[in-house]
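A.B. asks: what follows is a predicted structure for the sequence shown.
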Amino acid sequence: MKYAYLGPAGTFTEAALLKMPGGASAERLPAASVLSALAMVENDDAHAAVVPIENSVEGGVTATLDAVSVAHHLHITAEALVPITFVLASAEPMELAEIRSVTTHSHAWAQVRKWAQTTVPYAEYRPASSTAAGAHGLRNDPPVADAAICAPLVAEQLGLHVVDRQIEDVPGAVTRFVLAAKPGPVPEPTGADKTTVMIPLPEDHPGGLMEILEHFATNGVNMSRIESRPTGFGMGDYYFSIDLEGHIAEARIADALAGIHRISPKVRFLGSYPRADGKPQQKGPEVSEEAFAAAAAWIESLRG
Ligand SMILES: O=C(O)C(=O)Cc1ccccc1
């Protein structure tokens, strides 16, 4: 199997790839951006792509959400969680006070803002396509910056000097990555699953969002993420990107989505897959498979 990922070697995305099903034995194809990793799947140059989707500090990774939901017709088949810690590294030994420019990926920069403000307040930020790309750039002639913010392992592999460590503003931050592939068989339910959907907000429909959410409430479906994003097609045109706790094979998820389809017919299913944390689904007896089957049998008997 060929898995594309945000490269080069040593990114957090590569660490996530190794945790994905089939990741350890997959051929790893580094891409220069999230969009090019996804495009490699669309063009059949890779079977799947590993991309960051959500950060416990910064929230959704909008480029990924939009690409998976609107631009590309891909399904999510797995997720992985990667704990994030950063070092500040330089090519030659340097003091913090000497550092005038810093390079890293924008997500990393967003997660060290407070540290940067207090520790290197005069350093100019130079965006890199990934943390590993920034670290490699320190060896360019001329170097892309005085120092790079990257994973400790990359600094070690490149023989960089670690100027500061554990510089993340929020200790224990985690990033969630997904494996995206062309639509195919949905992974089997495990009892601890997530379902990702994209729901366009119905136009000129007062209370549209409330009606959508009511379907989740009445079917006992918990949401683990909800974000509104502009579709890009016009001012005020929004969609909701939502993660649900449960699998499309369950009657309560299917029933909720069927109800939503009547309000927002362009709703899109983006995949059901095992949750990385293995947390089992909580559901009351009124939304069990047996309760749905008994209700359907009762209706059948009335019609019969
Ligand atoms: O640049 C990387 O290493 C990535 O994989 C993107 C990223 C950056 C910072 C936190 C999580 C993911």
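C.D. replies: Thanks, I have the structure now. No experiment lies behind these values; they were computed from the predicted model shown.
A.B. asks: those strands in the stretch 51-200 of the chain, which residues are they?
C.D. replies: In the stretch 51-200 of the chain, the strands defined using DSSP state E, counting those that start in this stretch lie at 59-60, 75-83, 87-90, 101-104, 124-127, 147-150, 161-165, 174-181, 193-200.
A.B. asks: quick one, which of the ones you listed gets closest to the ligand.
C.D. replies: Set against the ligand and scored by C-beta to the nearest ligand atom, the strands of the stretch 51-200 of the chain come closest in strand 174-181, at 4.0 Å. For every residue, glycine as well, the C-beta is placed using N, CA and C.
A.B. asks: list the buried residues for that closest one?
C.D. replies: Thr175, Arg176, Phe177, Val178, Leu179, Ala180, Ala181 (16 or more other C-beta atoms under 10 Å).
A.B. asks: equivalent analysis for stretch 275-283, please.
C.D. replies: Result for stretch 275-283 [16+ other C-beta under 10 Å]: buried residues Arg275, Ala276, Gln281, Lys283.
A.B. asks: likewise for stretch 29-38?
C.D. replies: Leu29, Pro30, Ala31, Val34, Leu35, Ser36, Ala37, Leu38.
A.B. asks: these in helices, which ones?
C.D. replies: Among the buried residues of stretch 29-38, DSSP state H puts Val34, Leu35, Ser36, Ala37, Leu38 in helices.
A.B. asks: tell me the contacts of the last one?
C.D. replies: Spelled out, that is Leu38. Ala4, Ala49, Val51, Ala67, Val68, Ala71, His72, Leu74, Ala180 (C-beta atoms under 8 Å, 6 or more residues apart in numbering).
A.B. asks: buried subset of these as a ChimeraX selection?
C.D. replies: In ChimeraX syntax, the buried subset of those is picked out as below (16+ other C-beta under 10 Å):
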select :4,49,51,67,68,72,74,180
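A.B. asks: same list, the contacts of Leu38, but as a markdown table with pLDDT and distance to the ligand please.
C.D. replies: As requested, the contacts of Leu38 are exported to a markdown table (pLDDT from 0 to 100; distance: C-beta to the nearest ligand atom, whole Å):
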| residue | pLDDT | distance to the ligand |
| --- | --- | --- |
| Ala4 | 98 | 13 |
| Ala49 | 96 | 12 |
| Val51 | 93 | 9 |
| Ala67 | 77 | 14 |
| Val68 | 77 | 16 |
| Ala71 | 70 | 19 |
| His72 | 74 | 19 |
| Leu74 | 90 | 18 |
| Ala180 | 95 | 15 |
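A.B. asks: quick check, nearest of the contacts of Leu38 to Ala128?
C.D. replies: Val51 (16.8 Å; C-beta to C-beta).
A.B. asks: any idea which residue sits dead centre in this protein?
C.D. replies: For the chain, Ile53 is the residue whose C-alpha lies nearest the centre (C-alpha atoms, centre = their mean; 1.4 Å).
A.B. asks: gap between it and Val68?
C.D. replies: With distances taken as C-beta to C-beta, to the nearest Å, Ile53 is found 8 Å from Val68.
A.B. asks: intersection of neighbour lists for the two?
C.D. replies: Val178.
A.B. asks: just the pLDDT for the residue lying closest to Ala67 once chain neighbours are set aside.
C.D. replies: If the residues on either side of it in the chain are set aside, Ala67 comes closest to Leu38, at 5.2 Å by C-beta to C-beta, 6 or more residues apart in numbering. Per-residue pLDDT puts Leu38 at 93.
A.B. asks: now do Ser90
C.D. replies: 98.
A.B. asks: pull the number of nearby residues for the closest residue to it other than its chain neighbours.
C.D. replies: Take Ser90 and drop its neighbours on the chain: the residue closest to it by C-beta to C-beta, 6+ apart is Ala147, 4.5 Å away. The local packing of Ala147 (other C-beta atoms under 10 Å) involves 30 other residues.
A.B. asks: residues of this structure that sit close to the ligand?
C.D. replies: Applying C-beta under 6 Å from any ligand atom, we find that the chain lies next to the ligand at 6, 11-13, 52, 84, 105, 107-108, 130-132, 175.
A.B. asks: mark which of the residues you listed are buried, thanks.
C.D. replies: 6, 11-13, 52, 84, 105, 107-108, 130-132, 175.
A.B. asks: Val186 reaches Gly271, doesn't it?
C.D. replies: Yes - look at Val186 against Gly271 with C-beta atoms under 8 Å: they come within range, at 7.0 Å.
A.B. asks: between the two, which is the more surrounded one?
C.D. replies: Gly271 (25 against 17).
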